[in-house]
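Student: model the structure of this input:
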Amino acid sequence: MNTLDPEGKSARYSAPALEKGLDIIELLALEERGLSQSEIARAMNRSVGEIFRMLAVLIKRGYVAQDPDTDRYTLTTKLFAVAHQTPLIKRLTALAGPLMRKLTAQINQSAHLGIISDDAVLIVGQVDPPGHHVMSIRLGARIELWRASSGRVILAFTDEERLDELFARVPLPEGKTEAQLRAELAEIRRRGHEVTDSFTARGIVNIAAPVFDHTGHSIAALTVPHLERFDDPVTFQTCARQVIDAANALSHSLGGPTVPPYDAAVVPSRS
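Tutor: Predicted coordinates:
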């Protein structure tokens, strides 16, 4: 029987071809506009011939596509679709979909569902409201861990050992110390949700609440980037209350605990 060492690497065997294919996928995941064959080979310190064979297989399997006009290679959405077949994400998104559609219709705001994957926030669910003016995040987007309300809310309820690992490995945002972030996470945990100005867009206020599974672990976060409109009939307080209620309903569906309802005394700061 093959065994793995503590770092997760095979103690006795390797698979160079598989590693090359995974290297290509991980490289292309970082390039929105794609890369040419020579650029991929140069970045990986491989020959063009080696890369050509790997790309041919990845294209055949549907993981990579080549632009006929530029000859640049990009990832398709197949990898994302495969990830959604995992039991956790499949069940999570299946339960979240109806709740998110109902929520966005009621509050006329976009909503997204995020999980932590590879030290970043991965958006696994996204629903826009019926209105014309929306603030939304692309499905499948990856967001910096410490600068996403989804990530902060999940981490606020994460065990200390896991949190210590992430602080040691993931770079902190500019101008923030570990002590500051720990204090902010403790406040989110005390309150049960986060209401804060967006980390990426002026005039947007994030409303985020955790989602728990049957073990009590925070596995996801439901977030609404609230866009204030002049003629919006739904107040911010009503919106925040319904976001947290929806997250609690999702946790309940998964057999998990819930957080306290929205505290109307908490008024978000606006820049």
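
Student: every contact and neighbour count from this point should use C-alpha atoms.
Tutor: OK.

Student: okay, domains of the chain per the record?
Tutor: Under the assignment automatic domain parsing, the domains of the chain span 16-76, 82-253.

Student: need the winner for burial among these.
Tutor: domain 82-253 (a mean of 18; mean count of other C-alpha atoms under 10 Å).

Student: rank the domains of the chain by pLDDT, which is bottom?
Tutor: Among those, domain 16-76 carries the lowest mean pLDDT, at a mean of 88.

Student: now do it: distance to the chain's middle.
Tutor: 24 Å (C-alpha atoms, centre = their mean, to the nearest Å).

Student: returning to what we had before: need the domains of the chain in JSON lines with distance to residue 260, can you?
Tutor: Output for those, formatted as JSON lines (distance: least, C-alpha to C-alpha, whole Å):
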{"stretch": "domain 16-76", "distance to residue 260": "38"}
{"stretch": "domain 82-253", "distance to residue 260": "6"}
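
Student: quick one, which of those domains is nearest to residue 261?
Tutor: domain 82-253 (6.4 Å; C-alpha to C-alpha).

Student: ok, residue 153 to residue 70 distance?
Tutor: Relative to residue 70, residue 153 is positioned 41 Å away (C-alpha to C-alpha, to the nearest Å).

Student: can you name the next helix or strand after the longest helix along the chain?
Tutor: Counting by DSSP state H, the longest helix found in the chain is helix 87-107. Moving toward the C-terminus from helix 87-107, the next helix or strand (DSSP states H and E) is strand 111-117.

Student: remind me what that following strand packs against, helices and strands.
Tutor: Applying 3 or more C-alpha pairs under 8 Å, 6 or more residues apart in numbering; DSSP states H and E, we find strand 111-117 packed against helix 87-107, strand 120-127, helix 149-156, strand 218-227.

Student: what packs against the last one?
Tutor: In other words, strand 218-227. So strand 218-227, by 3+ C-alpha pairs under 8 Å, 6+ apart, packs with strand 111-117, helix 149-156, strand 204-212, helix 236-253.

Student: what helices or strands is the second one leaning on?
Tutor: Okay, so that is helix 149-156. strand 111-117, strand 120-127, helix 178-191, strand 204-212, strand 218-227.

Student: who's the closest spatial neighbour of residue 77, skipping the chain neighbours?
Tutor: residue 63 (7.3 Å; C-alpha to C-alpha, 6 or more residues apart in numbering).

Student: okay if I get the helices and strands packed on strand 218-227 as a markdown table plus distance to residue 227?
Tutor: Converted to a markdown table, the helices and strands packed on strand 218-227 look like this (distance: least, C-alpha to C-alpha, whole Å):
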| stretch | distance to residue 227 |
| --- | --- |
| strand 111-117 | 11 |
| helix 149-156 | 15 |
| strand 204-212 | 5 |
| helix 236-253 | 9 |
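
Student: and of those, who's closest to residue 181?
Tutor: helix 149-156 (9.0 Å).

Student: and the gap between residue 139 and residue 241?
Tutor: 24 Å.

Student: hmm, back to that, who's in contact with the longest helix of the chain?
Tutor: 83-84, 110-112, 124-125, 127-130, 234, 239, 242-243, 246, 250, 253 (C-alpha atoms under 8 Å, 6 or more residues apart in numbering).

Student: check stretch 177-186 too.
Tutor: Contacts for stretch 177-186 (C-alpha under 8 Å, 6+ apart): 152, 153, 155, 156, 167, 172.

Student: now it: how far from the chain's centre is it?
Tutor: 21 Å.

Student: and for stretch 236-252?
Tutor: On C-alpha atoms, centre = their mean, the centre of stretch 236-252 falls 19 Å from that of its chain.

Student: and if you look at stretch 182-198?
Tutor: Counting by C-alpha atoms, centre = their mean, stretch 182-198 comes out at 18 Å from the chain centroid.

Student: same thing with stretch 149-164?
Tutor: The answer for stretch 149-164 is 13 Å, by C-alpha atoms, centre = their mean.

Student: nice, that's everything, thank you.
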